[in-house]
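Novice: Structure here, sequence nowhere to be found:
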């Protein structure tokens, strides 16, 4: 056990509370009886509120201080200790704050959104477990514990995507999410193996302290990146995220937008010094491909949640690209801002869906409430949601005075610096990133325009109730957090009080302002054009490709394996069994015919001889005489001749 | 006087006939007759051989002895046959098979 | 007192069986309580052992009694002793056996056909399982090992499903074949090993501890390390290792010697499946680590990659077959094949992590597979239909059952927090490290084995999706009233298992600290002795 003197007991208690209260919430929600499930709606947000407040204390204590470390032995094998502990630096504390605050807001929102749901307890239990495992990823001092949390968030994500398990699509999406994550996790695991073999330690602080780059490090970092592609929905494992929208919308906001999918990005930032330049090149390329696919696919969607999902993929890709371009700080700032505005967008979308569902119940109409083609002109009926959506959307699109502008600016600056003055493939990445910001503006504008402006479609004549207060409060808080104020006092020159070590270039700032305004203009001009390419709608058929592969390749192996068992091994066994039986029959015949035959033959011979000799003495006197005479004659002939 | 061989030949013939009768005939009376025939054949032999040594009477006395024996044998034999016939209602030895296993 | 603890463990079920024989067959409940009483006694003994266990000593609770001593004249003496003990390899398995046998007894409560015979066989099986996990004399081990077959055969053949005759005979022949291989190796060892303690006359010993020391081999005997016979491509010792390996691999079971397992599982009744999966399979892995590896260390080094390869094939092949299974029990049986492949991979790596992971995997798989088979039994009890396609959306009718299935499935696919994760991560770390430290397994084995994890997630979640999620529906002649949630008795079986896998997943150290000295000892022993023997050839 090791502990730092400079940290007070109060800090440690706060850290403990921030970490374990979500777990308490999980256990409490599981343990409580079904008929008291209403209690969960009080305890769960309350516990999370304390957790969030504690993490605020943790955040301010760690700021400008040495990292706090604490570890204890979890397992000891072969004199090597696998420890479990925390390593809290500013990065981790910030992320902890993001996770607990958004989780609290989502808990609060869920009270309204999930009211009356049959799986109320289970839902909050899983949210609690998710928050706990996410905190484990954020704070863990070694990669093994990160991996534990990594898998556990996958599990809670599985449970929450499949929350409405009567819906076959939900069950399917949940399975897909978990399996695709598992593929990434397998890569992560290989990375852990490489680390264990070459480094003998999973400690993040030692990983960050490794000097020089070697080949195994490239391999290990790429393997860990493989885990990131699964969790953060990077190319080619990105197809689970749009499907994951089958889950309840608050879940999408918390897990599939703000925190879990960002875990991969966070992990890479945390162990950034470990990544070798070669690995980073791969990372940046994968990131920009993902980002472009996401942005283009978002352009082609009609489902409001799917637009947001592809947008998330695109933004995550951008963060990963930023890491690849060796500016992890920029990536983190974007992660930070994105967490707020994207959670806000999802919750706002959830509000729309919630209101429409209620209206549908009231007026007995049926249409797909998530299809934006059925919506329109909602700004009058849902003013609060509209305002919130506009704020967060502007942040996503990267308009000045919003947090998204600043973080995107940081990424673009980093990319330009990274690409350098010479022409190389790196400039392609930079151009890709600019294209992504352009596309982001376009699809965001399109989404907002179709939903809130224009004329009402299916919703005309339907009374839309605004969401309850518990749902509006989180929306408003998050919308406020999408303003520039959250990361910088100055909307253009960011003092960046979260991370002051970034370079800043006025050229890029001005360029991106102009670029965004151009994009806005283009978006406005093309707002009514149906640019719906099939290839965008299906996200470049990546999903079909994977499914085709699974059906045609993996299942072929599966079928082959079962055929080998049924047609090869078992028949072989049966064959040997039959052969044995055959041999048994042959030996049986041998037994009967030869061995028994000899014995029987001998007895029947004896019996025959006996019956012959017996016939000499059957009481016929004349025969006796005949035979004696006969014998005498024979004897006489014998002796005389 | 004809040579002894002729007598011996006749005796052998009679003996053989007797033997044949014993083996072939099914009736006990006939078997007894066969025995008589064989005894008489042997008597003939005894008498014939006695002729070679006339000063001794051994052969003839022995023949007389045989005749007496044959008579008593025939008497006893016939008595047995009669008894058997009374008991079994047959005089064929093959039908009398009570002792057969 | 401590030295009789193991005998108490072995003979308390036998004594109960003896009492059972004397009781009238009509008093059915008395047999159930008799068996339970024996389990409770064993449980207390094991608890006491757990407290008294000393990790520093290599073997605990040793008891040695003279058993067979035969004067063979010019050939010396034949000596077999009743030598039992517990070390880091056997202790987790003994704990597991006692635990699982108790669960199996509770699960057998509903058996109504020939109750007397059933419970007496169960008690005999219990004794022979504990016996084979604790024997340190090869002959004694073999006796228990063989004796296990008999009750198992009858338990499948009499109380099994529709194709029970086929399954039981297949099981019997398969394992008998394995036993014969082991017997041949045992005779070879008997001819080659002498007891170092007795001076003067030659004493042939069956003591496994004597067998592990190369100095105890009679010079110019068949398996003498210094002068082994060459038979074909390998020498006698390599052949003997292969014989033992195949013999134990059948029990494990290893692909392609595994096909008895799905059939036996599908046909056996629930408690028997539980014992089969949780305990009998472990004897394969146990035998490898107890006999094959330490007795023939240079062969273990020579064939290590082969053992690892077969493990890898089992992992992937078993998972693929599980995916193809249409029958729930068959699926779980194939998943057992896949998970036992990890045991082979871990042992083959000969790294402390790998071996510790392999032992932990046996322990953990015992708990998890027991739970899975009980869960399969729950639905079978209700509807007598195990086909996955019959059901859908069970979660809406059977909430607690679905929760338990979730626990079981996720534990089995290696979710952190459950014991399977600890075992698998250790095995992965060890197998990967093997190339750089022991040089036995290439790194690609560990990397490819991760496929097993992915496939594991795929087939379990697919099953969940098909059987438990979606709208409720059952096919065939199953009435809706037949589908009801868990009963009290089923809770009593499932909750301890779920708690155990969770507990050992979060706090692995109590068991790991027992296993660890063994893992360290055996890897060091096999590596150094094996290398010395390889050099001396």
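Specialist: Now that the structure is in, tell me what you want to look at. Keep in mind it's a predicted model, so treat the numbers as computed, not measured.

Novice: and stretch A:258-278, how far from the chain's centre?
Specialist: 15 Å (Cα atoms, centre = their mean, to the nearest Å).

Novice: try stretch A:402-420
Specialist: The chain centre lies 28 Å from the centre of stretch A:402-420; the measure is Cα atoms, centre = their mean.

Novice: Tell me which residues of that stretch come out buried.
Specialist: Neighbour-count burial for stretch A:402-420, counted by 16 or more other Cβ atoms under 10 Å in any protein chain shown, picks out A:402-419. Heads up, the C-betas are built off the backbone N, CA and C, glycines and all.

Novice: what does stretch C:4-12 give?
Specialist: Neighbour counts using 16+ other Cβ under 10 Å place C:5, C:6, C:7, C:8, C:9, C:10, C:11, C:12 of stretch C:4-12 among the buried residues.

Novice: Would you pull up the residue in the stretch 301-450 of chain A closest to chain C?
Specialist: Closest to chain C within the stretch 301-450 of chain A is residue A:366: 18.3 Å, counting by Cβ to the nearest Cβ.

Novice: In contact with the residue nearest to residue C:525 when sequence neighbours are not counted: list those residues for me.
Specialist: Nearest residue to residue C:525 in three dimensions, chain neighbours excluded: residue C:294, at 6.1 Å (Cβ to Cβ, 6 or more residues apart in numbering or on different chains). Contacts of residue C:294 were listed using Cβ atoms under 8 Å, 6 or more residues apart in numbering or on different chains, and they are C:208, C:212, C:522, C:525, C:526.

Novice: right, and the helix or strand after the helix or strand in which residue C:294 is found?
Specialist: Counting by DSSP states H and E, the element that carries residue C:294 is helix C:293-295. The helix or strand immediately downstream of helix C:293-295 is helix C:297-324, counting by DSSP H and E.

Novice: Could you name the helices and strands sitting against that following helix?
Specialist: helix A:555-563, helix C:236-251, helix C:328-349, helix C:443-463, helix C:509-536 (3 or more Cβ pairs under 8 Å, 6 or more residues apart in numbering or on different chains; DSSP states H and E).

Novice: hmm, the next helix or strand after the shortest one in reach of chain C?
Specialist: Using DSSP H and E, the helix or strand that follows helix A:555-563 in sequence is helix A:570-590. Yes: between helix A:570-590 and chain C, judged by Cβ under 8 Å from any Cβ of the partner chain, the touching residues are A:570, A:573, A:577.

Novice: Leaving out the residues flanking it, which one is nearest to the second one?
Specialist: Nearest-residue entry for residue A:573: residue C:259, 6.4 Å, with adjacent residues in sequence omitted and distances by Cβ to Cβ, 6+ apart.

Novice: Ok, the first one next?
Specialist: On the basis of Cβ to Cβ, 6+ apart, the spatially nearest residue to residue A:570 that is not a chain neighbour turns out to be residue C:259, at 5.4 Å.

Novice: ok, which stretches of the stretch 1-150 of chain C are helices?
Specialist: With DSSP state H, counting those that start in this stretch, the ranges of helices along the stretch 1-150 of chain C come out as C:5-22, C:28-52, C:90-107, C:115-134, C:138-159.

Novice: Run through who's touching the second one.
Specialist: When contacts are taken as Cβ under 8 Å, 6+ apart, the neighbours of helix C:28-52 outside the stretch itself are C:2, C:5, C:8-9, C:12-13, C:15-16, C:19-20, C:23, C:60-61, C:86, C:91, C:94-95, C:98-99, C:101-102, C:105-106, C:108-109, C:112, C:115-116, C:118-120, C:122-123, C:126, C:130.

Novice: Next, the angle helix C:90-107 makes with it.
Specialist: 160 degrees (axes from the mean of the first three to the mean of the last three Cα atoms, to 10 degrees).

Novice: could I get the contacts of residue C:294 as TSV with neighbour count?
Specialist: Formatted as TSV, the contacts of residue C:294 follow (neighbours: other Cβ atoms under 10 Å in any protein chain shown):
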residue	neighbour count
C:208	21
C:212	20
C:522	26
C:525	15
C:526	26
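
Novice: Among those, find me the one that's closest to chain A.
Specialist: Closest to chain A, out of all of the contacts of residue C:294 and judged by Cβ to the nearest Cβ, is residue C:522, at 11.5 Å.

Novice: tell me the contacts of the closest one?
Specialist: The contact partners of residue C:522, by Cβ under 8 Å, 6+ apart, come to C:89, C:289, C:293, C:294, C:355.

Novice: Which of those sits closest to residue A:25?
Specialist: Nearest to residue A:25 among the contacts of residue C:522: residue C:355, at 39.6 Å, using Cβ to Cβ.

Novice: who wins for neighbours among the contacts of residue C:522?
Specialist: residue C:355 (33 neighbours; other Cβ atoms under 10 Å in any protein chain shown).

Novice: doesn't residue C:523 make contact with it?
Specialist: Yes: if you go by Cβ atoms under 8 Å, residue C:355 and residue C:523 touch, sitting 5.7 Å apart.

Novice: From the chain's centroid, how far away is the longest helix seen in chain B?
Specialist: Of all the elements of type helix in chain B, the one with the most residues (DSSP state H) is helix B:58-88. Here the centre of helix B:58-88 is set off from its chain's centre by 9 Å, with Cα atoms, centre = their mean.

Novice: same question for it, mean pLDDT?
Specialist: In this model, helix B:58-88 has a mean pLDDT of 89.

Novice: how about the nearest residue to residue A:137, chain neighbours excluded?
Specialist: residue A:149 (3.9 Å).

Novice: Which neighbouring elements make contact with the helix or strand where the one you found lies?
Specialist: Assigned by DSSP H and E, residue A:149 falls within helix A:143-161. Packing contacts for helix A:143-161, counted by 3+ Cβ pairs under 8 Å, 6+ apart, involve strand A:80-88, helix A:120-139, helix A:168-198, helix A:204-208, helix A:215-231, helix A:249-253, helix A:260-270, helix C:419-437.

Novice: which of those is buried the deepest?
Specialist: Of the helices and strands packed on helix A:143-161, the one with the most neighbours on average (mean count of other Cβ atoms under 10 Å in any protein chain shown) is helix A:249-253, at a mean of 29.

Novice: Quick one: distance of that one to the chain centre.
Specialist: Mean-position distance between helix A:249-253 and its chain equals 15 Å (Cα atoms, centre = their mean).

Novice: Can you name the residues in contact with that helix?
Specialist: A:102, A:106, A:109-110, A:113-114, A:127, A:157, A:160-161, A:163, A:244-245, A:305, A:308-309, A:342-343, A:346-347, A:349-350, A:353-354.

Novice: Of those residues, which belong to helices?
Specialist: Secondary structure of those is defined by DSSP H; positions in helices are A:102, A:106, A:109-110, A:113, A:127, A:157, A:160-161, A:305, A:308-309, A:342-343, A:346-347, A:349-350, A:353-354.

Novice: ok, of the residues you listed, which come out buried?
Specialist: A:102, A:106, A:109-110, A:113, A:127, A:157, A:160-161, A:305, A:308-309, A:342-343, A:346-347, A:349-350, A:353-354.

Novice: who's in contact with the closest residue to chain B within the stretch 151-300 of chain A?
Specialist: Using Cβ to the nearest Cβ, the closest approach of the stretch 151-300 of chain A to chain B is made by residue A:175 at 91.7 Å. Taking Cβ under 8 Å, 6+ apart, we find residue A:175 in contact with A:158, A:162, C:461, C:462, C:464, C:465.

Novice: I'd like those residues as TSV, with neighbour count and pLDDT appended.
Specialist: As requested, the contacts of residue A:175 are exported to TSV (neighbours: other Cβ atoms under 10 Å in any protein chain shown; pLDDT from 0 to 100):
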residue	neighbour count	pLDDT
A:158	27	92
A:162	28	88
C:461	25	91
C:462	18	90
C:464	24	90
C:465	21	89
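
Novice: JSON lines for the residues you listed, including distance to residue C:68?
Specialist: As requested, the contacts of residue A:175 are arranged in JSON lines below (distance: Cβ to Cβ, whole Å):
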{"residue": "A:158", "distance to residue C:68": "58"}
{"residue": "A:162", "distance to residue C:68": "61"}
{"residue": "C:461", "distance to residue C:68": "54"}
{"residue": "C:462", "distance to residue C:68": "54"}
{"residue": "C:464", "distance to residue C:68": "54"}
{"residue": "C:465", "distance to residue C:68": "58"}
